[in-house]
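Engineer: Sequence first, predicted model second:
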Amino acid sequence: MKKKIIFTSLLFLLGFILYQVYAFFLAPSQNLQSLYLVPKDAIYVLETEEPIDTWDKISDGQIWRHLQKNEYFNKLTESLNKFDGVFHENKGIVDFIGNRSLLISAHMIKKKDYGLFFVVDLQKYSKLNALKSQLSNFVSKNYRVTTRKYHNETINEIYDKTTHETLYISFIKNQLIASYTHTLVEASIDQYQEPVIGRDLNFVEVHKKVGYNDMFRCYFQYKYLDDFLNYFSDKPNNIINSMSNNLVYSGFNFDLKSDQIIFANGFTNTNENTENYIKAMQKSGVGKRTVAKIAPKRTAIYMSFAFDSFTEFYKNFESIQQENPEHYKTYQNNLVKVEDLLKINVKENFMSWFGTEIGLVHMQSTSKASAKNEIALIIKTNDINKAKTNLDFILKQIKKKTPVKFKKIIYKGHEINFLAIKGFYKVFFGNMFDELEKPYFTSIDNYVIFSNHPNTLKHIINDYKKKETLSNSDDYNTFMKSFDKKSSIFTYINTPTLYKHLQYNADKNTLKKLATNKDYIICFPQIGFQLTPYKNLFESSLVVNYQDPEIVKSKDQFNDINLVGSIFNIADSNVETESDLTIDGSQGIFNIDEVYLEDLNAITYQKKYENGKTQIMLFFKNGIRHGKYREYFLNGKIKITGKYKNDKQVGVWKAYNSDGSLFKRMSFN
């Protein structure tokens, strides 16, 4: 009897083992792709085949150690650290499962909150019910585990008694899905029978090209990029908005080759409603970037549009326009109106001298007054003399046919003119350059520069003459070695400069956020994004440079705007105290702020207090300070007197106290 029991037990055990071998090795698998389970509104998806090794390398790096101190990254850090802790505290499970494919996606769950979603491919181990049970109960007694059904799938709820947070886990075929946001797990279950991102042809196209190289892959879905950035700031950004409207997905292979720089290479596709100039860029080859010779060092954002030739680009642009007969008819009508009004030939007089690059430059504002004016369009010409001749002809026609009376001025040897045709660029290129509403222009070397404000042109001329351009920046030149010299579309961002520029356009709340998070913005001082045509896609390169924020600060002087009062009250304050003029430094009181003229032909400038009394009186000649300077107290008494000659302070300058007594005098050569 005893032998019979033992024999029966052995048969049962042998049968169980054979069944497990069959189920584990021989039974057909019904595996599901990880991407099919990612909810459709993912902003980005991170994918890696070796999550433990990859996370060890990232979390031990200088970049992540710095970022995880920031509140915006805190949520991501906490979630990853919890998973990291689980892995390392349960080494036996990790050794059993091994390094499995891991996906992490980010989703907006509220206007100002995002959640993370995780997918782990268990492969054949998903067939072991014991393993599922173990994964659901790998936690210590500090957790409480419950289960519930959702659409016939089991969701395991692991409640942390210490943090009062719940991790939601479910098993869908061979995949383990998890999130600290239950709606993301439910959204995954809802759609796994009819996946969205994983079957989106645009995504499949990019995913196929990216492959499985390097540490990890990252995919961006531009449709939700605006929503994600609203988490950080309420201010709209034209460049980000343009990316959201024109691009669909970008996929990158990421690699951390050092603690100082992040490299990513991949592909980007565009949508069917992409603006025509983007479609034309895709068909017009690449060009060399040279606008850095003119763009000032204080450039915050430099966008380059380059091609084999502008003639070829414009030919493609027109051809694409014709695909929409209604739009093309409107476009042609606008061209005809301009040509009939001015008696010019747009292609001959305007476009014939365009070279191989057009650069759009956003510069750091020099003051509150210029905060929204520091934008310039820089065109490389194929013949600067031809450009000047044709622009002169257009200006003569404008004077003949319109009442515009703008008189050109000479500023430091450069003519500044006004191309008085409303919406001139929008007529030809749609929204590509819609920020240029009133194009003043000048020329430097082989380039023609347009801007909404003549003072921006003055600043560009000044910086060029002082050799304060991007091409003379060692940091810029070193960074650009990471990219091909030729591209189609290229964006360069200098974040310390952008940070200072944003201060002038920010409200109080945004100013506080900027100041609080400054170290997490400027620690990536340079970012570059390059697009190069590749069949029906763009080959893409993203490079991010990291530096310790203290090193960045040592290179640049940061003066955060006073957060107590609005930026717009600082320069125009009527408040006076006895210590008005007790300014540190030998020249402090005589460092006069730049003045921004709306009309460069003006010979006087007057600024008044709110009570109507004069605050500043200043004389100009050809757009530059030339003549007497007078500044007054609110009580009408003189505060500062002096004289300018060709924009330079000359002679004896005097500063007075509000009671009329002399405070300081200084001689200028």
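Structural biologist: Ah, there it is. Every value quoted in this text rests on a predicted model; they were computed, and no experiment measured them. Numbering: from 1, shown residues only.

Engineer: State the number of residues packed around Thr516.
Structural biologist: Residue neighbour count, defined by other CB atoms under 10 Å, stands at 12 for Thr516. Quick note: C-beta positions are derived from backbone N, CA and C, even for glycine.

Engineer: thought Asp41 was touching His107?
Structural biologist: Yes: when contacts are counted by CB atoms under 8 Å, Asp41 is listed as touching His107 (5.4 Å).

Engineer: Neighbour count: these two, which is higher?
Structural biologist: Neighbour comparison, Asp41 and His107: the larger count goes to His107, with 23 against 18 (by other CB under 10 Å).

Engineer: ok now the helix or strand containing that one, how far from the chain's centre?
Structural biologist: According to DSSP states H and E, His107 maps onto strand 102-110. Shown here is strand 102-110, whose average C-alpha point lies 20 Å from the average C-alpha point of the whole chain (CA atoms, centre = their mean, to the nearest Å).

Engineer: next one: stretch 284-303
Structural biologist: 16 Å.

Engineer: mean confidence score for that stretch?
Structural biologist: Stretch 284-303 shows a mean pLDDT of 94.

Engineer: May I see the buried residues of it?
Structural biologist: Neighbour-count burial for stretch 284-303 flags 284-287, 289-303 (criterion: 16 or more other CB atoms under 10 Å).

Engineer: Tell me how this protein divides into domains.
Structural biologist: With domains defined by automatic domain parsing, the chain comprises 1-30, 31-199, 300-472, 572-668.

Engineer: Secondary structure element holding the closest residue to Phe118 other than its chain neighbours?
Structural biologist: With CB to CB, 6 or more residues apart in numbering as the criterion, Phe118 has its nearest non-adjacent residue at 4.5 Å, and that residue is Ala178. Element membership for Ala178 (DSSP H and E) is strand 175-179.

Engineer: Can you spell out which helices and strands pack onto that strand?
Structural biologist: With contacts defined as 3 or more CB pairs under 8 Å, 6 or more residues apart in numbering; DSSP states H and E, the secondary structure elements packing on strand 175-179 are strand 113-121, strand 166-172, helix 182-191.

Engineer: where does the stretch 401-550 of the chain dip in pLDDT?
Structural biologist: Across the stretch 401-550 of the chain, the ranges flagged by pLDDT under 70 are 404-407, 420-435, 437-438, 504-507, 509-510.

Engineer: again with the stretch 551-669 of the chain
Structural biologist: Low-confidence segments of the stretch 551-669 of the chain, defined by pLDDT under 70, are located at 556-587, 596, 598-601.

Engineer: any chance you could map the helices in it?
Structural biologist: Taking DSSP state H, counting those that start in this stretch as the criterion, the stretch 551-669 of the chain carries no helices.

Engineer: Then the stretch 301-450 of the chain?
Structural biologist: Assigned helices in the stretch 301-450 of the chain, in chain order: 310-321, 325-342, 346, 384-401, 424-429 (criterion: DSSP H, counting those that start in this stretch).

Engineer: Which of those sits closest to Lys555?
Structural biologist: Each of those was checked against Lys555 via CB to CB, and the shortest separation belongs to helix 384-401, namely 34.4 Å.

Engineer: got the contact list for that closest one?
Structural biologist: The set of residues that contact helix 384-401 without belonging to it, under CB atoms under 8 Å, 6 or more residues apart in numbering, is 341-344, 348-350, 352-353, 381, 404, 408, 417, 419-421, 441, 443, 445-448.

Engineer: Give the buried subset of those residues as a ChimeraX selection command.
Structural biologist: Here is the ChimeraX command that picks out the buried ones among those, judged by 16+ other CB under 10 Å:
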select :342,344,349,350,352,353,381,417,419,420,421,441,443,446,447,448
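
Engineer: now, which of the contacts of helix 384-401 lie within strands?
Structural biologist: Of the positions in the contacts of helix 384-401, 381, 417, 441, 443, 447-448 sit in strands, assigned by DSSP state E.

Engineer: With distance to Pro549 as added columns, please give these in JSON lines.
Structural biologist: Putting the ones in strands among the contacts of helix 384-401 into JSON lines (distance: CB to CB, whole Å) gives the following:
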{"residue": "Thr381", "distance to Pro549": "40"}
{"residue": "Asn417", "distance to Pro549": "43"}
{"residue": "Phe441", "distance to Pro549": "38"}
{"residue": "Ser443", "distance to Pro549": "39"}
{"residue": "Tyr447", "distance to Pro549": "34"}
{"residue": "Val448", "distance to Pro549": "38"}
